[in-house]
Every structure is written in C-alpha cells, then in structure tokens.
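K.L.:
Fold the stuff below for me.
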Amino acid sequence: MIAEMSKTTIAIPRSQREGLLQFLQEESVLHIIEHDEVLRDQVQESTDTSYHLAQLQLTLEFIARMKKELEIHASRSLKNLFARKPLASLVDLERVAIDVEIPSLIQTVQHINDELVSLDARMVEVRDSLRCLDPWASLLLYAQDADMLHTTLIHHLLIVSARDEREVLDALETIPTAIWQVVHRDSSKNRVTVYLEFVAHSNDAAFVEEVEQRLDATLVTLPVAQEESIAGKHAALVREEQMLMKKRVAVLAQARGIVARERDILFAYDAVLHREERERVSSAAWHSSYTVVISGWVPTTWAALFTKRLADVFPDAAVEMSSPEAQDKAPILFQNNSLVRPFEVVTDLYGKPAYHELDPTGPLALFFLISFALALTDAGYGVLIMIATLIAEKFFRLKRDMQKMMRLLFFGGAMTVVMGALTGGWFSINLDMLSDGVAKDVLLGVKLLDPLKQPMLFLGIIFGFGVVQLLYAWIVRGLYHWKRGEKNIAIMDDFSWVVLVITIILSIASSKGFLFESLALELQWLMYAAFAFIVITQGRASKNIFLRIGVGLLSLNGLIAFVSDMLSYSRLLALGLATGIIGLVVNLIASMVHESIPVVGVVLAGVVLIVGHVFNLGINALGAFIHSGRLQFVEFFPKFLEGGGVAFRPFGRVGKHVDDPRDFSRV
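P.N.:
Numbers count the residues shown, from 1 in each chain. Okay, here's the model as predicted:
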C-alpha cells in the first residue's frame, strides 16, 4: 500500500539550525520541499566546506598514488575478498573529522606533495645530465680548457653508430692535423653507439666543416660549467642523485604516515560531504536573521514519533502538520508486509504510481512469480537460485534494496522448483532414463506435462494464465473505483469487460463441447447481453443516441487489444523451451565428451556440465526476470495505473566511503 503523507513545517531559532539539520539527517524521515523563494540575510554566509571536500578528494588521490608507489596492498584473504565499506554513525563521522584536523592535514599533504614533485623534477634533470656525461666520464678535461683550445684547436665530441664508425674514421684521416680517440662504446637496444673525441688545428677548419657536413655524426655539448671537469661534474651529479634519493625516502616516510590515516580521512571526507548536503538543504529553507523554517513530507504513521523525538531534542521548535492538498505532489513510499515487500523491486523499475493511485506491488506479486517460473521451467535451476540467494543474505552485508532483490529471487527460485517439478525439468535430465527407484517414481509422479513434447498444451496453459492476469487487472481497477465511490464507473467500465471476456470464453468452450455443453444456449445469450451492455454504456458521455451507439461499437476494439496482450504471453513458451533445449544440448555434449575421451573424459564432462548449466541458468534467469517484468509493465500495469509519482527520498546520508548502519537493517 502507499503510505499516507503529512505535510510538515518546522520552525526553529536560527542558532539551532545546524543542530536541527544534523538531527534530520540522522533521523532520515523528512522529504524536504525546496521553497521557490528564500529569505536571506544581506550578508551571505560563506564556508570552507566545498574547498575542504575538494582538498580531501585530492588527499585520497594522493594516498592512492602513494600506496601504489610504496607497494602497500590489502592482505589477500577470504575476508578481504568481499571487502565492504566501513559503517559509522553521523556522530562518529563528525568526531573523526574533528580529530583529523582537516586544515592541518591538507597543509601537510600539500607540503609533502610539493616536496615530492620538486625532488622528482630535480631527479629527472640530474639523471638526464648523468646520461649525457656517463660515456665521457673518463675524460680529464675542464670545460674552460676546451674553450681555450678553441682559439688554436678544434675540439669536438662526436656520437656515431657502429656501422658508420669506419667511414667516420676514414674521413678524419683526410684532415691533416686531426687526432682522435674512442672514448666509449655502448651496446644497448640492439645497437652499438661509439663516442669519439677528436682534435684538429684551426687551420684545418674548412676540412673539418666539410667532413662533418658529409658524415652522419652528432656533435655533443656537455652540461658542464666553465670551472668544472667532466669527471668532477659526473661525480657531483652522482652524489646529488644519492642525496635526492635519501631526501625522497624521508619524504615518503612522511607520506606513509598519511597513508596510515586513510580510514580516518575517508570518515572525514564523508563527514564534510554530509556537511555540504546540510548546507544545500539550509540554502533551500526559509530563514531570516532569527528563524529558520524547513518544510517537507513525513509518513503519517511516523509523524507522532518524529514529533516527539524532535520536541525532546529541540524544545523551542514549532511543528505544524497537515494533509496533502489537491495541488500538492506528495512523495510515494510503499508500506507492505514482508511477503509483498520484495516485489517492490519490480514496481520501482517501472516507476512510482501517483499518490492517489493504488500500490500495484501486491497485485503483481503472484503473477510475476508464475511468469518467472514458466520462463525458466527447471526445478534444478530453481534450487540453485534459492541456495545462491540464501548464501548472499547469510554471508554478504546487503543494503535493503539488495535484500529485497535477493528475497525476490528466492521466491522466484521456489516457484521455479514447483513449476519445474510439474513439467519434469531437473537440469534437462530425461527422467525416464533414470534408474528405477523411489526418486524416479516421485519425480515422474508429480510431472504433469513435458513442454518439449507437448508445446501446444503448454502454450494453452500460458495463454490461460495471461487471460487470468489481464482479467485480474480489470478487477483491480474496478475495486479501486468502487472504493473511491465511483461504483458506476466500476460496473460499466471495468467489471462489464470481465463479464464479457468470461462469457465469450465459456460460450466458445460450451459450443466445442469442452464444458457446460448443456448451457451453450444460455451462455450465448449471456454473451450477447454483455456485448449490448458494453455498446450501450461506453458512449454514455454523448447525448446523441446514434453517436452513443457508434462510440459503444468502436469500444469493442478493446477485445482486439485484449487478444494482443494475451498473445504477448507466448514469450514465456519460447523462454521455457529455450531453457530446456539448451540444457539438453549441454547434457548431450557432456555425454559425448565422457564417452569419447578416456580417463580424463569424466573430469572434462563435469566441466562441460558445470559451465554449460551455469551459463544456461544465468542467461535464462536474466531473460525470465526481464520478460516477466515486461509483462507487468506493458500488459498489466496500464490497465489500472498511470504512474508519474515522486519517490519518497528523505533527507539523510548519501555516503561515498562510509555506509550508514541503518541501510543494512532487515527488510
């Protein structure tokens, strides 16, 4: 059923605003209404909440980088395999946020990050310089000496590939005053690089220029100051690299301390996130210099307790409650018993009904289960679904919506066991091939039909099921109108169609000799009377009798829509047959593997059976859920439901890293 809502307005002194918002956020019972106009002070309040939230996000990203660099990984264990978010109340989050000292933490993280960035940038420069100097480190030459030599001598450092070495040396021999030496050979990346030093007199500058233009050689300029030697510069860079590495280790030790506080920082992040949510709600409230007014919706059944708790905590608060008015769009909250509650998952996929409509969850429950079971039709798969959902509820911490889904699938599995037993579906095993015994007798005893051998009978049963659900939709709509006092509408627009369809079915059945053969004439006249009643009443809005009759005749097109909706249920036949056929193919392949491969054939056949049936269960269970839901959304709901309602979303906690313990309470 749809919970009755009370419009609630709370007025409180402005000094208690933050306390009230925390109370409402922790209670999570008030669906906030945002006002079109907001009274504000001349001076707008500014906070650091958004800044702190952004900086905490950067801090968490920094921690993730540091954990990767420091190779800090969660211990691999069965417990951590299904790791979940920590649980904490809003009070706990606020306490941790205070202990964390967010501004100080942000400053520390920024300092550590800046240090690492600076060290890494300098480390790149040092290592680039070392890569340049490494091949020339053996040269006992000062940069200023090289410059002095340039006045009378040409002094060059060359890098050439090994394949061009001979050509370069031959070319250098053509320079009269040239002398050279091979300083270093480097074999890396599947190639050999030769590092050459050569000197020539400045009088041979023309020869040198001509040779260098002709050769594929790279002239080198070393990163060495005037007063430094190449070897000295290299040694200094090595020492600087070691010093930078030590500093980096020290800074990483500080970063490790930040990583160790990750859990507290996650708590602080969510605490600040909830502060931001409270500020958003506060900005949408009426407030002046002295008073704050917050409005929203509270389920009427919760109203008395909520008012009492509010008065206990805030004696100065004034609370006013009223029923929804015609122009109000009250939010929708379902309040069903434990058996019906899981089926709210299906209704929520469609959307919320309007506040004045009925809750379709109860009416769809049994039909959804039967549709799901008809589409799966394998008792073995049903047992597996029940076991899997029980394990999930037992060993996993599931939020309430997921608890509903698990309970829904458990009920679906149970109905599939019943339907599979009636159709003889047990992992697509041919029951007639089983060894004689009690198990075979029991399984064959409860089997009523075989969809693969009797598809038309199975289709007829499915169509019959579809007719019952579609008629039930008219009955639901009629009862809804009847309870609202619209008895004429219920009789003429709802129940009359139910009578018409039933009389048509009974008249056809009696004329074919299936049942009530002795009442064939009476049923036929009753059918004609139902037709006449429909024709007369459907055009009652028109005063012109001919137009009224014309509208009534056109309304009989509803029978065509009814048949079209009924034919949609044939998809259940296709899904049910697909489950059985795929299962048979899996069993056949496993049997062939077992018979054709000696020794390991048994193991391989077992693998085929497990993988094949798990795939079959997964794909067909998904199809059964989707198509059963589609039958409710397209064929069932439109008969009595308009939809368009707004979901009840109380102001509460929407955590990112920490969960609210109440979200995991049992449904």
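
K.L.:
C-alpha from now on. contacts and neighbour counts both.
P.N.:
Fine.

K.L.:
From the chain's centroid, how far away is the helix or strand Val467 falls within?
P.N.:
Secondary structure from DSSP states H and E places Val467 in helix 455-483. How far helix 455-483 lies from its chain's middle: 35 Å, per CA atoms, centre = their mean, to the nearest Å.

K.L.:
Would you indicate which residues of it are buried?
P.N.:
Residues of helix 455-483 classed as buried by neighbour count (16 or more other CA atoms under 10 Å): 455, 458-459, 462-463, 465-467, 469-481.

K.L.:
Return the residues in contact with Pro103.
P.N.:
Taking CA atoms under 8 Å, 6 or more residues apart in numbering, we find Pro103 in contact with His52.

K.L.:
That one and Leu56: what is the separation?
P.N.:
For Pro103, the distance to Leu56 (CA to CA, to the nearest Å) stands at 10 Å.

K.L.:
Next: Gln254.
P.N.:
Between Gln254 and Leu56 the computed distance is 17 Å (CA to CA).

K.L.:
out of the two, which sits in the more crowded spot?
P.N.:
Counted by other CA atoms under 10 Å, Gln254 and Leu56 do not tie: Leu56 has more neighbours, with 23 against 14.

K.L.:
I figured that one was touching Ile106, is that so?
P.N.:
Yes: with contacts counted by CA atoms under 8 Å, Leu56 reaches Ile106, the gap being 7.2 Å.

K.L.:
quick one: low-confidence parts of this protein?
P.N.:
Low-confidence segments of the chain (pLDDT under 70): 35-46, 75-83, 140-155, 189, 212-219, 225-227, 666-667.

K.L.:
Domains in it, by residue range?
P.N.:
Domain ranges of the chain: 1-38+284-328, 46-130+232-272, 141-228, 341-639, per automatic domain parsing.

K.L.:
What is the end-to-end distance of the last one?
P.N.:
One end of domain 341-639 sits 22 Å from the other (CA to CA).

K.L.:
ok, now the first one?
P.N.:
In terms of CA to CA, the two terminal residues of domain 1-38+284-328 are separated by 19 Å.

K.L.:
And it, how far out from the chain middle?
P.N.:
32 Å.

K.L.:
Please apply the same query to the last one.
P.N.:
Here the centre of mass of C-alpha atoms in domain 341-639, compared against the chain's by CA atoms, centre = their mean, lies 29 Å away.

K.L.:
Please apply the same query to the second one.
P.N.:
On the basis of CA atoms, centre = their mean, the separation between the geometric centre of domain 46-130+232-272 and that of its chain is 28 Å.

K.L.:
same check, this time on stretch 318-333
P.N.:
Once both centres are worked out by CA atoms, centre = their mean, stretch 318-333 turns out to sit 33 Å from its chain's centre.

K.L.:
and that stretch, how far apart are its ends?
P.N.:
Terminal-residue distance, stretch 318-333 (CA to CA): 25 Å.

K.L.:
can you check stretch 445-462 too?
P.N.:
22 Å.

K.L.:
Check which helix or strand the closest residue to Leu471 other than its chain neighbours maps to.
P.N.:
Distances taken as CA to CA, 6 or more residues apart in numbering put Val498 closest to Leu471, at 5.8 Å, once the chain neighbours are dropped. In this structure, Val498 sits in helix 496-511 according to DSSP H and E.

K.L.:
Then Thr193?
P.N.:
strand 191-201.

K.L.:
send the alpha carbons of that strand over as CSV?
P.N.:
Only the C-alpha atoms of strand 191-201 are listed here, as CSV (Å, rounded to 0.1, in the frame of the first residue of the first chain):
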residue,chain,number,x,y,z
ARG,A,191,72.6,-1.3,-31.4
VAL,A,192,76.2,-0.2,-30.7
THR,A,193,77.0,3.5,-30.3
VAL,A,194,80.5,4.9,-30.5
TYR,A,195,81.6,8.0,-28.6
LEU,A,196,84.6,9.8,-30.2
GLU,A,197,86.9,12.7,-29.2
PHE,A,198,89.0,14.4,-31.9
VAL,A,199,91.2,17.5,-32.1
ALA,A,200,92.4,19.4,-35.2
HIS,A,201,94.3,22.6,-35.8
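
K.L.:
neighbouring strands for that strand, and are they parallel or not?
P.N.:
When pairing is defined by DSSP bridges, strand 191-201 lines up against strand 153-161 (antiparallel), strand 179-188 (antiparallel).

K.L.:
Deepest in the core, which of the ones you listed is it.
P.N.:
Per residue and on average, the most neighbours among those fall to strand 153-161, with a mean of 19 (mean count of other CA atoms under 10 Å).

K.L.:
quick one: the helix or strand following it to strand 179-188, angle?
P.N.:
Under the assignment DSSP H and E, the closest C-terminal helix or strand after strand 153-161 is helix 162-173. Put simply, helix 162-173 runs at 170 degrees to strand 179-188, going by axes from the mean of the first three to the mean of the last three CA atoms, to 10 degrees.

K.L.:
Helix 162-173 packs against which elements?
P.N.:
strand 191-201 (3 or more CA pairs under 8 Å, 6 or more residues apart in numbering; DSSP states H and E).

K.L.:
list the buried ones in the strand it packs on?
P.N.:
Residues of strand 191-201 classed as buried: Thr193, Val194, Tyr195, Leu196, Glu197, Phe198, Val199, Ala200, His201 (neighbour count, 16+ other CA under 10 Å).
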